[in-house]
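> Here is my input, please return the structure:
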Amino acid sequence: MYDYIIVGGGSAGCVMARRLSDQPNVKVLLLEAGKRDWHPFIHMPAGFAKLTGTLANWGYSTVPQRHLDEREVWYPQGKILGGSSSINAQIYARGHAKDYDEWAEEEGCTGWSYREVLPYFRRAEDNERFSNEFHRVGGPLGASDSINPQPITKVFLRAGQEAGLPFNPDFNGEAQDGVGLYQLTQRHGRRCSAAVGYLRPVRDRPNLKVQTVALTTRILVEHGRAVGVEYVEAAGRAPQRVHASSEVIVTAGAVGSPKLLLQSGIGPADELKSLGIPVVHDLHGVGRNLQDHMDVYVVNELTGDFSYDKHIKWHKTLWAGLQYILFRQGPVASNLYEAGGFWYADKDARSPDIQLHFGLGSGIEKGQQKLHNCGVTLNSAFLRPLSRGSVRLRSANPNDPPLFDPNYWAEPYDRKMSIEGFKLAREIMAQSSFKPFVLAERLPGPQVRTDEEITAFARKHAKTDYHPVGTCKMGVDDQAVVGLDLRVRGIGGLRVCDASVMPRLVSSNTNAPTIMIAEKASDLVLGNRRSRLEPAPAVEGSA
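Got it, this is the predicted structure:
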C-alpha cells in the first residue's frame, strides 16, 4: 500500500515524485514503462539527433493524415525515465503570458493565469544567467546558455535582424518577439532531464520507489474511486496490482494518459463498448482536443564546413568526442538547435504565432534528408493551430499502439499560416549575412515559389514539433476531463497531471510548461496555498 501511485515517469511524473516524497510521512510509487536513463546519448546534448529514432521512445506513427497526402507521420514520444525530457532538444521556452491568461479568461481555468503560474516556473528553475522577477537560481531544473555557439548561429541572429526581427536576450522574460539564443535544459554541459534534475538527488529516499519497465494496463476503480493500478513488468507475465490510500496520479503524457483512462473504462461510452471494454465512467472528452505544432522547413547547402555536418568524418567525430569527454565542450555539448525566434505570420495576431528553430545541420531528425555537404535547417512552426485531433484505442489490448491523429491542417487557416511561416524562414535565409555561407537552397529548392507549390512540398515533408497536448483537457465545459484542481471529473482519488490537461497549446515548446503544471499540481495534491509563493510581476500583455 502506497499513499500515492504516479503512472508515468516523464517530466510531470518526476516532478510529482520529487515533490510528494519531500513529505517524509508520504509513501510514493512511480511506475515507468521504459527503462532507466542509462544510455550515454541521453546525457550528451547532441545525442538528441540519435533519439528521434527508435531508441528510448514508443515508436508511434500517426494515422494517415488526410491533409498531408495520407502520410503516416513518425512521432517520437519518450519511453524512458524522464520521458520526452530525456530525448528532446532541451529548449527551455515557456510560451507567452497571454497563453495562460486565455486559459483563465476564455477556458474558465481560474487560478492558471500567467501571474499565478509564473511562480511555479520560477520554483522549478536553476538559471545560469538570470535571477530576477522572471527567473531564479536554485531549483531542480537547469536552464543554461548554449556552450560556444557556432559562428553560423551568430550569422542567423544577424540575418533575423536584417529581416526585421529584433534581438531578444530572453524569450521567457518581458517579451517573446524576436530572434536570439535559446536557453536549454542543461547543467554543466549535460542534459538536465526531469529525471536528472528532480529524481536523481532523491533516488535513495526510503519513502520513494521508482519501478521501471512497468507497463500500467488499468486503473482500479471501486465504488467510483480509484484505489490502485494494475501493471505488468514484461510481456507474458501475470499482471500485478498495487493500491493507493490517497490518490492515483496519471502523468503518462498527451498520448499515454488518455490511452490509460480509456483502457480503464473511463471515456466515451460508445467508443469503449465498441471495443468490448466495460464502461466504468462515461466521460466524453477523454482523447479529444489533441493539438500539436507542425514544422515546415527549409534546408540550405553551405559553401564550407560551417555546420556540425562536418563531424560526420571519422577523425572529426573522434575529436568531437574527446573535446566533450575532456572539457564538456565542442559539438557534442550542443543541442544542435542553439538559436531561434518568435514572429508573426498573421500580422493581426495577439502575440508571435510562428516559432523558428535554427538547426546546425541537415537530416538532424529521423526522416529528414541529409545533404552530402554541410547544410543548415530552419524549421518554422505555426504556434496556435485551430485543428483538433484525437487519441483513440486501436483495441482493448494495452500492448497495441493507439490510433493517434493530430489531424494536421484540418483548418485552412492553419495551412495558410504555416505557409507564411515558411516564407519567413526562407526570407531570413536569403539575407545578406548568409550570402557568403549559403551555396544554394536544396529543400524545397528555388523552383518551389507559389503557395500551391509550397503547400505540395509541405504535404510531403512537414513533420511534428513533438508538442502534443490537450487530450485530457482542464476546464469547466462538457468536454473537460479534469477540473481546475486536475481531478478527473466523476472519479474520486484520480488526477491527471501532464501536457494532456492543457486546454490550449502554448506558443512554444511544451516541456517547461509541463513541469510548471506538475509543480502547481503538487501543491494542489498536498493542499498547499498558492500564497506561499511570492506574487508574480506584471508583464507585457498579461492581465
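> In contact with residue 12, which residues?
194, 251, 253, 497-499, 514-515, 517-518, 521 (C-beta atoms under 8 Å, 6 or more residues apart in numbering). Backbone N, C-alpha and C define where each C-beta goes, glycine included.
> Check what pLDDT it gets.
On pLDDT, residue 12 comes in at 98.
> ok, now residue 321?
Looking at residue 321, the pLDDT reads 73.
> next one: residue 517
Listed pLDDT for residue 517 reads 98.
> that's a helix at it, yeah?
Yes - assessed with DSSP: H, G, I helix; E, B strand; the rest coil, residue 517 lies in a helix.
> surely it meets residue 496?
No - when contacts are counted by C-beta atoms under 8 Å, residue 517 is not listed as touching residue 496 (10.0 Å).
> What's the biggest helix in the protein, counting residues?
For the chain, the helix with the greatest residue count under DSSP state H is helix 412-429.
> Rounded mean pLDDT for that helix, please.
On average, the pLDDT along helix 412-429 is 98.
> for it, packing partners?
helix 151-162, strand 294-302, strand 354-359, strand 375-382, strand 438-443, helix 451-461 (3 or more C-beta pairs under 8 Å, 6 or more residues apart in numbering; DSSP states H and E).
> tilt between the third one and helix 412-429?
Pointing back at strand 354-359 there. Using axes from the mean of the first three to the mean of the last three C-alpha atoms, to 10 degrees, the direction of strand 354-359 lies 50 degrees away from that of helix 412-429.
> And for the second one?
Regarding strand 294-302 and helix 412-429, their directions subtend 20 degrees when assessed with the same axes, to 10 degrees.
> Strand 294-302 pairs with which strands, and in what direction?
Counting by DSSP bridges, the strands paired with strand 294-302 are strand 375-382 (antiparallel), strand 438-443 (antiparallel), strand 463-464 (antiparallel).
> now residue 340, what's its secondary structure?
Criterion first, three-state DSSP; result for residue 340: strand.
> Provide the count of other residues in contact range of it.
Using other C-beta atoms under 10 Å, the number of residues around residue 340 comes to 27.
> if I read this right, it contacts residue 184, doesn't it?
No - with contact defined as C-beta under 8 Å, residue 340 and residue 184 do not form a contacting pair (11.4 Å).
> what is in contact with these two at once?
residue 91.
> show me the contacts for residue 476.
107-109, 483-484.
> per-residue pLDDT, it?
Looking at residue 476, its pLDDT reads 97.
> Also residue 538?
Residue 538 is assigned 43 on the pLDDT scale.
> Equivalent analysis for residue 533, please.
The model reports residue 533 with a pLDDT of 45.
> heads up, I number from 46, so please use that
All set: I'll call the first residue 46, so the last point we hit is now residue 578.
> can you dump the C-alpha coordinates of stretch 236-244 into CSV?
These are the backbone C-alpha positions of stretch 236-244, laid out as CSV (Å, rounded to 0.1, in the frame of the first residue of the first chain):
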residue,chain,number,x,y,z
ARG,A,236,21.2,17.3,-20.4
CYS,A,237,19.2,18.1,-17.3
SER,A,238,16.1,16.0,-17.9
ALA,A,239,13.4,15.8,-15.3
ALA,A,240,14.8,12.5,-14.2
VAL,A,241,18.3,14.1,-13.6
GLY,A,242,17.0,17.3,-12.1
TYR,A,243,14.2,16.1,-9.9
LEU,A,244,14.7,12.3,-9.2
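> Please compute how far it lies from its chain's middle.
Computed by C-alpha atoms, centre = their mean, to the nearest Å, the chain-centroid distance of stretch 236-244 equals 15 Å.
> Equivalent analysis for stretch 259-275, please.
Offset of stretch 259-275 from its chain centre (C-alpha atoms, centre = their mean): 27 Å.
> Just the buried residues of that stretch, please?
For stretch 259-275, a neighbour-count test (16 or more other C-beta atoms under 10 Å) marks 259-266, 271-275 as buried.
> Alright, calling it a day.
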